[in-house]
Structures are given as C-alpha cells and as structure tokens.
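Q: What shape does this take:
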Amino acid sequence: MGHAVTKNTKYQIVNARVEVCSGGPDPSLLFAEVELMPQTAKGKPVFYTLSEAEGMPAFYKTKESVFDRFMDPTEDDFSDIVNNHTLYEGESYADFFENHKDIECYEGLRYLIYIMRADWDTTKAFIKKTKGKLLNEIEIPKSDAEEDWENGEDEDW
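A: From the prediction side, this is the model:
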C-alpha cells in the first residue's frame, strides 16, 4: 500500500514559480507551481500546479515538475497531465473555496492562487520569503479571488 498523504502532513516549500502564457488572440493562460517536500521519513517532493484560463482554475498534482511542459505543451503532454493528474477543476474560484473540505493540500493550493493573482513584485517577494519554510507555519494572504468569494461576489459576469 502506498503512503497516503494525510491532512496533517507538514510540507516544506522548496520552490515556486509563476508564468503567463498568451498566444495572440487566445485568452492568456496563467500557470503557477509549488514544489513541496512532505516532512515524513520517506518524503519525496510533490508538485502542485495551477492553470487558469478566463478565471477557471484547474489544479494538478505530479511527482515531477510539469511547469515547462505546460509552457510549451505538445498535445500528448497536455492530455496526459489533464487526464492523469487533475486534482480539481472548476468553473470559478468560488466553487473551489465553497467545496474545499475534501481537497488535498488546500493550503498549498491557496498558496498557488495567491502567487498567481498577486502583483509581480509581491509574488516574487512572497516566494523568496516563504522558500524553505513549512506551509503550516506561514501566513498566506487572501487572494482577490478568495476575498471576492468571502464577500459573495462571483467573478463570473
């Protein structure tokens, strides 16, 4: 039996990055990735990736970084990631915040939303400040999407 990641697993933030991809008339795609190291005896890094297009989030969980594969994907790469590694997909962030009770590593996913949606300088400083720290020991500011959800504002028009 594999090692189940429990809600109480502590994760160390190894690295994180964010990138915007836009191809001409297509809506821009945003990608954020965080590499976490479970603080367990046999901990192996785990990568959580967030992709967002037109306000619709999708989270992926993989054993190695798929960030570069998203930046320049082949059709097969994209299908493989989406079909085999999707953790959560939603119409909006409101759905995600509303139904997060059973979502694995919720704080890690909040971290991704924040670094994706904060302004560039804030994001760079936040990543630098949090690298090497345990996820459960840092304060993750609320993203605009989380604040909108709390205030009952749906971002869909």
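
Q: so where's the chain uncertain?
A: 1-8, 23-24, 154-157 (pLDDT under 70).

Q: so where do the helices sit in it?
A: 67-71, 75-85, 93-98, 106-117, 120-130, 144-150 (DSSP state H).

Q: Dump the ones you listed to a markdown table, plus distance to E19.
A: All C-beta atoms are positioned from the backbone trio N, CA, C, and that covers glycine. Putting the helices of the chain into a markdown table (distance: least, C-beta to C-beta, whole Å) gives the following:
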| stretch | distance to E19 |
| --- | --- |
| helix 67-71 | 6 |
| helix 75-85 | 15 |
| helix 93-98 | 19 |
| helix 106-117 | 10 |
| helix 120-130 | 11 |
| helix 144-150 | 18 |
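
Q: ranking those helices by burial, who's on top?
A: helix 106-117 (a mean of 21; mean count of other C-beta atoms under 10 Å).

Q: Also compute the angle for that helix relative to helix 120-130, please.
A: 150 degrees (axes from the mean of the first three to the mean of the last three C-alpha atoms, to 10 degrees).
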